[in-house]
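>>> 3D model of this:
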Amino acid sequence: MNHTFYCKTKLKYTDFCLRLKQLKNYYPMTKGKSIFWWIFAVIFTIAIAYYQRVTGPTYPRRTTVTINHVKMNFKLLRSQGDGDANIKLVVPQNEIEGQVIFKRFKSFDSLTTVEKKRDGEYLTASLPHQPPAGKIEYRVILSSVSEKVNLTAEPVVVRFKGEVPAYVLIPHILLMFLAMLFSTRTGIEALLKGTKTLSYTLWTVILLFLGGIVLGPFVQYYAFGAYWTGWPYGYDLTDNKTLIAFIFWVIALFVLFKRPANRFWPIFASVVLLLVYLIPHSVLGSEIDHTKAPKI
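Prediction:
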């Protein structure tokens, strides 16, 4: 009886090893090819991270204007930590003056005008500090004896935030980058029918959990005074999209534990995370609605 059980077990194990070997031979993933796909995943992840950063509403607003027949390029501030927001522009021509017209975003405030001060080749003006998640909308106007120009057609919005400690922010950024990297590599592995899809999926879930679900709320707390402002407590898109991506990756991991050959869910989860990263960072982020407070 024991001899029969041993033989059957050995036969099943041998058959499993043979099938695994055949699978590897049919879908060869040499070391060289694996390194190539890792390099591709790194470059792709860097490109996506850069796109998300520069398209976000807190990235400086670039604008170009011509005054006194001189073309000038500017970057206007849209994110501020501690202290007042200093709107500093390089304007070497001494005959050009400037103004900043502003009010709190989503408020009944009247517009305030501040004259820009000259400091060498710079024109500077400060916007008053706001509490975390507070915003100010402002316009910058440059003028000379003969003309006056608005730097932007619509007001620029600057959001104030608290300072996030480096020991929280750096691991958060690194882990989220690695999560996107492993997500991309997992999708490639599943498309190529590789044998490491499950292990890569597990790493993606771990990295996304640590970076987004664990450290993400701490970044949110230090920056805006609340650990979580997504569903069901609010509509913060950054929190919500992180949660959605994590749920899909957990589903993918669960399915792969049951059916290791499944390709749909890891590919689908990697696409979901890619779409999440294509949404500019901080869109529909935390903000104070002053229209719900008494008029000042």
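>>> name the helices or strands packed onto the strand or helix carrying Ile173?
Assigning secondary structure by DSSP states H and E places Ile173 in helix 166-191. For helix 166-191, the elements it packs on are helix 31-54, helix 197-208, helix 215-224, helix 264-278, judged by 3 or more Cβ pairs under 8 Å, 6 or more residues apart in numbering; DSSP states H and E. No exception for glycine: its C-beta is placed from N, CA and C like everyone else's.
>>> tell me the helix or strand right after the first one.
It stands for helix 31-54. Next element after helix 31-54 (DSSP H and E): strand 61-67.
>>> okay, buried residues for the helix or strand just after that following strand please.
If you walk from strand 61-67 toward the C-terminus, the next helix or strand you reach (DSSP H and E) is strand 70-76. Burial within strand 70-76, assessed by neighbour count using 16 or more other Cβ atoms under 10 Å, is assigned to Met72, Phe74, Leu76.
>>> closest to Glu189 among the residues you listed?
Nearest to Glu189 among the buried residues of strand 70-76 is Leu76, at 43.0 Å by Cβ to Cβ.
>>> contacts only, for the residue nearest to the closest one when sequence neighbours are not counted.
Closest residue to Leu76 apart from its sequence neighbours, by Cβ to Cβ, 6 or more residues apart in numbering: Arg61 at 4.3 Å. Counting by Cβ atoms under 8 Å, 6 or more residues apart in numbering, Arg61 touches Lys75, Leu76, Arg78, Thr152, Val156.
>>> wait, the second one touches Glu154, no?
No - under the contact definition of Cβ atoms under 8 Å, Leu76 does not touch Glu154, with a separation of 11.5 Å.
>>> how's this protein carved up into domains?
17-54+164-290, 61-160 (automatic domain parsing).
>>> dump the contacts of Arg61 to JSON lines, plus distance to Ile288 and pLDDT.
Output for the contacts of Arg61, formatted as JSON lines (distance: Cβ to Cβ, whole Å; pLDDT from 0 to 100):
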{"residue": "Lys75", "distance to Ile288": "25", "pLDDT": "92"}
{"residue": "Leu76", "distance to Ile288": "21", "pLDDT": "92"}
{"residue": "Arg78", "distance to Ile288": "16", "pLDDT": "90"}
{"residue": "Thr152", "distance to Ile288": "22", "pLDDT": "90"}
{"residue": "Val156", "distance to Ile288": "17", "pLDDT": "93"}
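>>> reformat these as TSV; add distance to Ser143.
TSV is the format used below for the contacts of Arg61 (distance: Cβ to Cβ, whole Å):
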residue	distance to Ser143
Lys75	20
Leu76	17
Arg78	23
Thr152	15
Val156	18
